[in-house]
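Participant: Sequence isn't available, so here's the structure alone:
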């Protein structure tokens, strides 16, 4: 909120979705991929950035097949695509 810019990503991967903010503006989520090659679409996992603690961590133990995370507007649940086959 101070207008200060801060990089929160590092490493050799790319953001593979839109960024979604939590209702309380304390977290943001996005899908990341190991690289930008479209043929490796399945290597997508959801990451959660905690603004207060300045931490970036995986949403789950799944390292693949997680797509398009979005916080729901009223109850702050996380909605996303995941294949189970």
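Facilitator: Done, it's in. As the structure is a computational prediction, the values presented were derived from the model and not from experiment.

Participant: make it CA atoms for all contacts and neighbour counts henceforth
Facilitator: Will do.

Participant: For the residue most central in space within the chain, pull up the helix or strand it's in.
Facilitator: Centroid-nearest residue in the chain: residue 30, 2.1 Å away (criterion: C-alpha atoms, centre = their mean). Assigned by DSSP states H and E, residue 30 belongs to strand 27-33.

Participant: Partner strands of that strand and their direction?
Facilitator: strand 14-15 (antiparallel), strand 20-21 (antiparallel), strand 44-50 (antiparallel) (DSSP bridges).

Participant: still on that earlier bit, let me see the contact set for the residue nearest to the centre of the chain.
Facilitator: 15-20, 46-48, 68-70 (C-alpha atoms under 8 Å, 6 or more residues apart in numbering).

Participant: what's around residue 26, how many residues?
Facilitator: Using other C-alpha atoms under 10 Å, residue 26 has 12 other residues around it.

Participant: Any figure for the gap between it and residue 74?
Facilitator: 15 Å (C-alpha to C-alpha, to the nearest Å).

Participant: ditto for residue 46
Facilitator: Residue 46 is 21 Å from residue 74, by C-alpha to C-alpha.

Participant: can you check residue 22 too?
Facilitator: Residue 22 is 10 Å from residue 74, by C-alpha to C-alpha.

Participant: related to what we said a few turns ago, when residue 46 and residue 74 are compared, which one has more neighbours?
Facilitator: More neighbours surround residue 46 than the other of residue 46 and residue 74, with 27 against 8 (other C-alpha under 10 Å).

Participant: Specify the beta-bridge partners of the more buried one.
Facilitator: residue 31.

Participant: show me what contacts it?
Facilitator: 29-32, 58-60, 66-67, 69.

Participant: rerun at 6 Å
Facilitator: 30-31, 58-59 (C-alpha atoms under 6 Å, 6 or more residues apart in numbering).

Participant: Identify the residue nearest the residue nearest to the centre of the chain in space, chain neighbours excluded?
Facilitator: Counting by C-alpha to C-alpha, 6 or more residues apart in numbering, the nearest residue to residue 30 once its immediate chain neighbours are dropped is residue 19, at 4.9 Å.
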